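S.K.: Next input, structure requested:
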Amino acid sequence: MTRISCTIRHCALQENPAVLRQIQTTEQMDTKMPVRPDHQRPLVIQVAAERVKEGRPRSIQIYAEAIRTRLEAQEVRLLDTPYEETRMLPEADVVWAPGLGNRRVPRSLFAAGARGVATVHGLQMIEAGLEIGRLGIRQGISHYLWRARIRHDWVQLGPRIGTVVSVSKNLIPRLTGVLKIPADRITVIPHGVSRGYFREPSQHGQSQGYILHVSQYSFAKNIPGLLAAYDKVRDRIGLPLRIVSGGWPGDPARLPQGVEMTTDLVSHDKVRELMWGARVFLFPSLEESFGLPVLEAMASGVPVVTSLGTGAAEVVGAAGLCVDPTDTDAIANALLHLVTDAALHRRLAHAGYERAKGFDWDITTDLHLALFQRLAGRQPAPV
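M.R.: From the prediction side, this is the model:
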């Protein structure tokens, strides 16, 4: 049995049949793949970057850094190449694009073909039509064309790529339906959470003095909805709402009373500090493929309100309150109950903390490594 399967079967993710099936499939395929004659040399992964102007959200950066650090610790070589690179480097075993979703596909993935791996983190608004009313004529047309180009990239690449890593099962129907990626080319590998976030709920004491939301702004984060919900129950909960939303374009003068807005991106340490001081984490996104801040809140011992039918609900499971993100009354009632019902707050804080223990970056990295080894024609070393 490989070290990968030993690790996963002893973690809290063993309750997830899809993950176990993926491990078993990887084991089976490893035994069938021919071993390359140079299998003793270090595995070499060509890392394909996104277009610079498209940026990279905090959650994707955390993911890429977490996997990279752990792969390098296992003597895997990672060679960075820009978006414009059109070839697979001769020394590379695999091409990996770690930051895809609402971004153009790097050219080197087309060259890699069956030895290409792309991690898709989300497809927010990818199916939206012309949004002239919300964005204006120029930006609305620009966004429509941008989304059309992304879809076109995937229609061309999907049947040829080795594997697409999906961060949740929730995302799979859109990968197969919108991007036309064959289902047998999709592997679900959940994110992990930094061990530095973990703080038992009992350690919070009386310091929990606000409701918290953390995200990088997009329309899908539903900032208007959470503001409206908070305003409905502000006087009854008696706690301020702190929002960290990098790039939020709104007018601070129009924020409801009791709301503090930070539009600058903050450091990982600052986010952790904010999590540890929060009473409730509020994350009612209209779309969410995973929701790393939700997992960070759970690890911090903070109960969560998030959205039904999303990847964030998949992460939370029964350890949080999931509501219709379009229903501000439902969001407000969930928030009110978590603040005023001490027993409910205590139960969900502990449930979330325990559930978060099953999401581990070491496990996530081992699953990636097994995948890379398979596509490179190698077998993981037995233990």
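S.K.: Verify the contact between Q373 and L43 for me.
M.R.: Yes: between Q373 and L43 there is a contact under C-beta atoms under 8 Å: 6.6 Å. Where C-beta positions appear, they are placed from N, C-alpha and C, glycine not excepted.
S.K.: what residue ranges in the stretch 201-350 of the chain score low on pLDDT?
M.R.: For the stretch 201-350 of the chain, the stretches with pLDDT under 70 are 203-208.
S.K.: now the helices for it?
M.R.: Here the stretch 201-350 of the chain has its helices, by DSSP state H, counting those that start in this stretch, at 223-237, 268-276, 292-299, 311-316, 328-340, 342-356.
S.K.: Out of these, which is closest to F110?
M.R.: helix 311-316 (27.4 Å; C-beta to C-beta).
S.K.: And I67, which helix or strand is it part of?
M.R.: helix 58-73 (DSSP states H and E).
S.K.: which helix of the protein spans the most residues?
M.R.: If you go by DSSP state H, the chain has its longest helix at helix 137-157.
S.K.: for stretch 296-305, which positions count as buried?
M.R.: E296, A297, M298, A299, S300, G301, V302, P303, V304, V305 (16 or more other C-beta atoms under 10 Å).
S.K.: got the end-to-end distance for that stretch?
M.R.: Stretch 296-305 has an end-to-end distance of 13 Å (C-alpha to C-alpha, to the nearest Å).
S.K.: swap in stretch 150-168?
M.R.: End to end - C-alpha to C-alpha - stretch 150-168 spans 20 Å.
S.K.: quick one: it to chain centroid distance?
M.R.: 17 Å (C-alpha atoms, centre = their mean, to the nearest Å).
S.K.: residues of that stretch that come out buried?
M.R.: 150, 153-154, 157-158, 161-168.
S.K.: same check, this time on stretch 59-77
M.R.: Buried-residue list, stretch 59-77, by 16+ other C-beta under 10 Å: S59, I60, I62, Y63, A64, A66, I67, R68, R70, L71, V76.
S.K.: Would you mind measuring from the residue nearest the centre of the chain to P57?
M.R.: Against the mean C-alpha coordinate of the chain, by C-alpha atoms, centre = their mean, the closest residue is F290 at 4.2 Å. As defined by C-beta to C-beta, to the nearest Å, F290 lies at a distance of 11 Å from P57.
S.K.: Which parts of this structure are strands?
M.R.: 44-48, 77-81, 94-100, 116-120, 163-166, 186-188, 211-216, 241-246, 259-262, 280-283, 304-307, 321-323 (DSSP state E).
S.K.: Identify the neighbouring strands of the last one in the sheet and state each direction.
M.R.: When pairing is defined by DSSP bridges, strand 321-323 lines up against strand 304-307 (parallel).
S.K.: Counting neighbours, what do you get for V259?
M.R.: For V259, the neighbour count with other C-beta atoms under 10 Å is 19.
S.K.: Can you report how many residues lie near the closest residue in space to it that isn't next to it in sequence?
M.R.: Spatially, and ignoring its direct neighbours in sequence, V259 is nearest to L241 (4.8 Å; C-beta to C-beta, 6 or more residues apart in numbering). Neighbour count of L241, defined by other C-beta under 10 Å: 25.
S.K.: residue contacts, L241?
M.R.: By C-beta atoms under 8 Å, 6 or more residues apart in numbering, the contact list for L241 reads Y210, I211, L212, H213, L226, L227, Y230, R234, G258, V259, E260, L282.
S.K.: how about the last one, what does it touch?
M.R.: Applying C-beta under 8 Å, 6+ apart, one finds that L282 lies in contact with I211, L212, H213, L226, A229, Y230, L241, V305, I331, L335.
S.K.: In this model P325 seems to touch the fifth one, though I could be wrong.
M.R.: No: using C-beta under 8 Å, A229 makes no contact with P325, being 9.6 Å away.
S.K.: Quick check: neighbours shared by these two?
M.R.: In contact with both A229 and P325: P284, I331, using C-beta under 8 Å, 6+ apart.
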